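1. Fold the following for me, if possible:
(one chain, ligands or ions: 1)
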Amino acid sequence: MSFLTQRLNFLLCCAAICALTLPILPVAAQEATTPTNHGINVANMDRSQKPGDNWYLYCNGDWIKRTEIPPDRPGLGVFTQLLDVTDKRTASLIEEAAKSNSGGSGQRKIADLYNSYMDEAAIEAKGQAPLQPHLKAIADIKTKKELAYALGQTLRADVDALNNTNFHTPHLFGMWVAPGFNDSEHYAAYLIQGGVQLPDREYYTSDNEHMKQLRSKYQAHVSAMLKLTGFTDTDARAERIVALEHAIAEKHTTLAENDDIQKANNTWKQADFSSKAPGLEWAEYFRGAGLSQVASFIVWQPAAFAGESALVESTPLETWKDWLAYHTIEEYAGYLPKALADERYAFFGATLSGTPQQRPRWQRSVAVVNRYLGDDVGQIYAQRYFPPEAKAEAQAMVANIIAAFRKRIDALSWMDPKTKAEAQAKLTTLYVGIGYPETWIDYSAYEVKADDIFGNIWRGNLFQYTRQVARLGKPTDRHEWSMDPQTVNAVNLPLQNALNFPAAILQPPFFDPKAPAAANYGAIGSVIGHEISHTFDTEGSAFDSKGQVRNWWTPSDLEHFEAAAAKLAAQYDSYTPFPDLHLNGKQTLAENIADVAGIAASFDGYKASLAGKTAPTQDGFTGEQQFFIAFGQDYASKVRDAALRQQVMVDSHSPGQWRADTVRNIDAWYSAFEVQPGQTLYLAPADRVRIW
Ligand SMILES: [Zn+2]
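-> Modelled structure (predicted):
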């Protein structure tokens, strides 16, 4: 479970990567910003607000007042600002790589990939030629058997159930390779439902007026994409494609249900598929996917597999061929001429996330390089921007916060001693990666050509998939990372019992070696605590100290935990960003628990770091006040309505404002700011949710 949803990060930074002519920034000239102050940012606060009434504006109100969302953004926040800084640094590394003659083949590859996306003239000159052979192959499909093979060929390693949580793939199904649920010493293949373009089943099934309008715009977009690629009768085809996606979505499991490990732990032997999910010719599907030799899979949503497979049989071949053609066009439109790329952005960027304009092309190109050569770039990034002192200091904070968790667990009156012992064992075997991984991905088998962006992306997806398939059955590397050093995020990897804190999040304003401890513990300490908490939450409690699926909680432990969790879910259900849409307390539960537990443990770690001394004040704020304000400032954000709606519907994290309000569950916040009964955020002590 990550600190932020990667897919939404993806939407924020590079949704619908496609062409639009924009001036290219002289990136090398733009070095990262250095903070003008160290610690909390008083200029961002609105001190006319009362902390107990509007905590979020108290911490961030003046920043919100003076900030305008640029036309190429669905929203802005601390994370996106840090992402900009990191992208500029990364772009300048890429530029250096491009200029360097002495650079190794890794540097040449980085430069070629970057340039192949930047070269719009070459993309226009090629036209749709790179796409045509793929459309021709689909047009040539004559039977459901050939269809099954073709569907198998689309399988990619493009989902991630538990690390960088992403349950969405437009392909019929998606694969995630990770340590096995029932044998965490070896890698297994997890299969995940897929087949729809819109972000979630709700987009197809909801009666909400807003969703109905989106659906009709979507259908028009499908028709437009088909027309641009030479199809006839496109309105009728689009209608059938959207109807098929709607039928698929109805078979899908909801995001909230996807969190349940027990329901997801279904091992199917390859031979089981045709009896458990009849319809699709599975042997052909697996042959197309290159998986004929793989004996068994873990099927995350069995009902969806049965439902989707039956649809392959019951829906006419021609509709499936149109669906497949449209999905291929959509997936690669961003790397094709402007007309297609713009149409893609007009729907997925402008309409769906309400963002009128695309990110500058250089920034989208950085995103491409990060996605396909992330470790090559990350290796240079970490060397350049993550000094050993920063690593040592972050490690010391982690040690303090882990010690705080240990004390909290020991002090729990409701937890069985055996459960406590396993929880402590999990902390002992926890691997905490700081800054960058110990080993790097070898990209030598990935062929990159300076004049072929379409091929580079196609081969890049295939390289990632083939690399994952090759790992199946091999021993688990518990120290493996799932995020690049240049990612502004953090992650808990439950099957490895490991955490990753990439270099890019260990920067101001989250982490600043020159800032007071209060600010560092409030800002990054609560992120560290958040990730540690996932080790024990609704999902973490399903895995033992070896990452194996095993229920190590007694029924009464679980009962107590679930009662506290239900209270927190109700708290978040009561938040209403829009009159017709409230937060989904169950969908965001694991993340909300992690926020509550993270800030509580980090606060303890902070107090311990003072070793009895009084913290220095800053701008009149005590150490405790700085701690909470730094936490509240992590979540400064301004988001367009359409993007906020999308976040509420598909993200497992609550939007920033409500993450900041987590403080209302922490006793020390009340005393630090003299919050009184009757104030908007006030909770009576019995109503505050305490997890650990
Ligand atoms: Zn999380």
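
2. how about residue 445, secondary structure?
-> coil (DSSP: H, G, I helix; E, B strand; the rest coil).

3. Likewise for residue 182?
-> Quick answer, by three-state DSSP: residue 182 is coil.

4. quick one: contacts for it?
-> For residue 182, the contact set (CB atoms under 8 Å, 6 or more residues apart in numbering) comprises 265, 267, 548-549. (C-beta placed from N, C-alpha, C; glycine too.)

5. farthest-separated two in those residues?
-> Maximum pairwise distance in the contacts of residue 182, criterion CB to CB, is 14.1 Å, between 267 and 548.

6. what about these two, which has more around it?
-> Neighbours per residue (other CB atoms under 10 Å) separate residue 267 from residue 548, with residue 548 holding more: 18 against 14.

7. what about the spatially closest residue to that one that is not a sequence neighbour, how many neighbours?
-> Computed as CB to CB, 6 or more residues apart in numbering, the closest residue to residue 548 that is not its neighbour in sequence is residue 184, at 4.7 Å. Residue 184 has 23 neighbours, counted by other CB under 10 Å.

8. which residues does residue 184 contact?
-> Residues in contact with residue 184 (CB under 8 Å, 6+ apart) are 476, 495-496, 543, 546-549.

9. out of those residues, who has the most neighbours?
-> So for these (other CB under 10 Å), the most neighbours sit at residue 496, 27 neighbours.

10. What helix or strand is residue 624 located in?
-> Assessed by DSSP states H and E, residue 624 sits inside helix 623-634.

11. Residue 481 and residue 433 touch, don't they?
-> Yes: with contact defined as CB atoms under 8 Å, residue 481 reaches residue 433; the gap is 5.8 Å.

12. Can you read off the pLDDT for the residue in the stretch 201-350 of the chain that the ion sits nearest to?
-> Residue nearest to the ion within the stretch 201-350 of the chain (CB to the ion): residue 259, separated by 11.8 Å. Listed pLDDT for residue 259 reads 84.

13. now do the one 5 residues further on
-> Taken from the predicted model, the pLDDT recorded for residue 264 is 96.

14. For the closest residue to it other than its chain neighbours, what are phi and psi?
-> The shortest distance from residue 264 to any non-neighbouring residue, by CB to CB, 6+ apart, is to residue 300 (4.5 Å). Dihedral pair for residue 300: phi -70, psi -40, per degrees, to the nearest 10.

15. which parts of this protein sit against the ion?
-> Within the chain, the positions near the ion by CB under 5 Å from the ion are 1, 591, 594.

16. ok, the first one - contacts?
-> If you count contacts by CB under 8 Å, 6+ apart, residue 1 has them with 162-163, 165, 491-492, 494, 531, 534, 539, 590-591, 594, 652.

17. ditto for the second one
-> Residue 591 sits next to 1, 652-654 when contact means CB under 8 Å, 6+ apart.

18. Tell me, how many residues neighbour the closest residue to the ion within the stretch 101-250 of the chain?
-> For the stretch 101-250 of the chain, the residue closest to the ion is residue 165, as judged by CB to the ion, at 8.3 Å. Residues within reach of residue 165, counting by other CB under 10 Å, total 23.

19. go on, residue 303?
-> So residue 303, with other CB under 10 Å, has 15 neighbours.

20. any idea how far it is from residue 254?
-> 11 Å (CB to CB, to the nearest Å).

21. now swap in residue 211 and tell me
-> 15 Å.

22. In helices only, show me the residues of the chain next to the ion.
-> Of those, the ones assigned to helices by DSSP state H are 591, 594.

23. pLDDT and distance to residue 180 for the residues of the chain next to the ion - can I get that in CSV?
-> What follows is those, written out as CSV (pLDDT from 0 to 100; distance: CB to CB, whole Å):
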residue, pLDDT, distance to residue 180
1, 70, 19
591, 92, 25
594, 94, 25
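
24. Let me know the closest of the residues of the chain next to the ion to residue 40.
-> residue 594 (22.5 Å).

25. Number of residues surrounding that closest one?
-> Burial of residue 594 is recorded as 30 neighbouring residues (other CB under 10 Å).

26. Then residue 563?
-> Around residue 563 there are 11 other residues, counting by other CB under 10 Å.

27. what pLDDT does it get?
-> At residue 563, the model reports a pLDDT of 92.

28. remind me which residues of the chain are low pLDDT?
-> Residues of the chain meeting the criterion pLDDT under 70: 4-36, 101-105.

29. In it, what residue spans correspond to strands?
-> 75-77, 173-179, 187-193, 267-269, 296-299, 431-435, 491-493, 498-502, 637-639 (DSSP state E).

30. May I see those strands arranged in TSV, with distance to residue 379 as well?
-> Below are the strands of the chain laid out as TSV (distance: least, CB to CB, whole Å):
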stretch	distance to residue 379
strand 75-77	28
strand 173-179	23
strand 187-193	23
strand 267-269	37
strand 296-299	32
strand 431-435	12
strand 491-493	19
strand 498-502	13
strand 637-639	31
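
31. list the buried ones in stretch 441-460?
-> Residues of stretch 441-460 classed as buried by neighbour count (16 or more other CB atoms under 10 Å): 441, 443, 446, 448, 450, 452-454, 456-460.

32. right, I mislabeled it, should have said stretch 398-418
-> 398, 400-402, 404-406, 408-409, 412, 415.

33. so of the residues you listed, which ones are in helices?
-> Reading helices off those with DSSP H, I get 398, 400-402, 404-406, 408-409.

34. Turn the contacts of residue 184 into JSON lines, columns for distance to residue 344.
-> Converted to JSON lines, these look like this (distance: CB to CB, whole Å):
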{"residue": "476", "distance to residue 344": "38"}
{"residue": "495", "distance to residue 344": "35"}
{"residue": "496", "distance to residue 344": "36"}
{"residue": "543", "distance to residue 344": "39"}
{"residue": "546", "distance to residue 344": "44"}
{"residue": "547", "distance to residue 344": "39"}
{"residue": "548", "distance to residue 344": "43"}
{"residue": "549", "distance to residue 344": "40"}
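
35. Narrow these to those in helices?
-> With helices taken from DSSP H, there is no overlap with the contacts of residue 184.

36. Distance check, residue 572 against the ion.
-> To the ion, residue 572 is 14 Å away according to CB to the ion, to the nearest Å.
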